[in-house]
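[1] the following block contains a protein sequence and its predicted model.
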Amino acid sequence: MGRILLMTPERVRRTLRRLAAEILERNRGADTLEIIGIRHRGYQLATALADLINQAEGVSLRALPLDVAPYRDDRATPARPPEPPLEADLNDRDVILVDDVLFTGRTARAALDAIVHAGRPRSIQLIVLIDRGHREYPIQPTYVGRVIPTKHRERVVVEAEEGFAVYLEE
């Protein structure tokens, strides 16, 4: 099995800085933002984005983790929890939903269900570090770090040790 480095930690840092600037520009600052990261790598990326936004705007946003397992339609999971999956008031907020890799769209669809279960946001904006195509659902990200066309059998792996690095594995 081969492994190819697609993005170095420095390139990922530059990409995250660009994405943070795009978020701030589109939303005219950070006043209405809620940053939510899909566990696990999405949450790690969301934390890094929140830190960059905090530095740029002088605010104190924090990223919230989101477990989408109860909302997936392609795995055997327990029934949907009766309480909202997040401890935040999302009503009339602009939710920045963060994931590492967008592939079929199933995880993003499950995250959308979880967010709507938690409240009624003004908008939900999906941000992904890598968009690799192959959608099964009509889901498109609002912000994309990098588009990497892949074969179905390949995997895109985001590692978070010592900064983020992105690899392609076959």
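    Arrived safely, thanks for sending.
[2] can you give me the pLDDT of Asn27?
    Note on Asn27: pLDDT of 98.
[3] my guess is it meets Leu33, correct?
    Yes - with contact defined as C-beta atoms under 8 Å, Asn27 and Leu33 form a contacting pair (6.1 Å). (Glycine included, C-beta is placed from N, CA and C.)
[4] now do the shared contacts for those two.
    Asp94 (C-beta atoms under 8 Å, 6 or more residues apart in numbering).
[5] out of those two, which sits in the busier spot?
    More crowded of Asn27 and Leu33, by other C-beta atoms under 10 Å: Leu33, with 20 against 17.
[6] residues contacting that one?
    23, 27, 53, 61, 93-96.
[7] not counting residues beside it along the chain, what's closest to Val144?
    The shortest distance from Val144 to any residue other than its chain neighbours is 4.8 Å, reached at Asp131 (C-beta to C-beta, 6 or more residues apart in numbering).
[8] contacts only, for that neighbour.
    Here Asp131 is in contact with 101-102, 141, 144, 146-148 (C-beta under 8 Å, 6+ apart).
[9] in ChimeraX, select just the buried ones from these.
    Of the contacts of Asp131, the buried ones can be selected in ChimeraX as follows, counting by 16 or more other C-beta atoms under 10 Å:
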select :101,102,141,144,146,148
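[10] now, the contacts of Asp131 that are in strands?
    101-102, 144, 146-147 (DSSP state E).
[11] now tabulate the residues you listed in JSON lines and tack on distance to Gly2 and pLDDT.
    Output for the ones in strands among the contacts of Asp131, formatted as JSON lines (distance: C-beta to C-beta, whole Å; pLDDT from 0 to 100):
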{"residue": "Val101", "distance to Gly2": "18", "pLDDT": "98"}
{"residue": "Leu102", "distance to Gly2": "23", "pLDDT": "97"}
{"residue": "Val144", "distance to Gly2": "25", "pLDDT": "98"}
{"residue": "Arg146", "distance to Gly2": "20", "pLDDT": "97"}
{"residue": "Val147", "distance to Gly2": "21", "pLDDT": "97"}
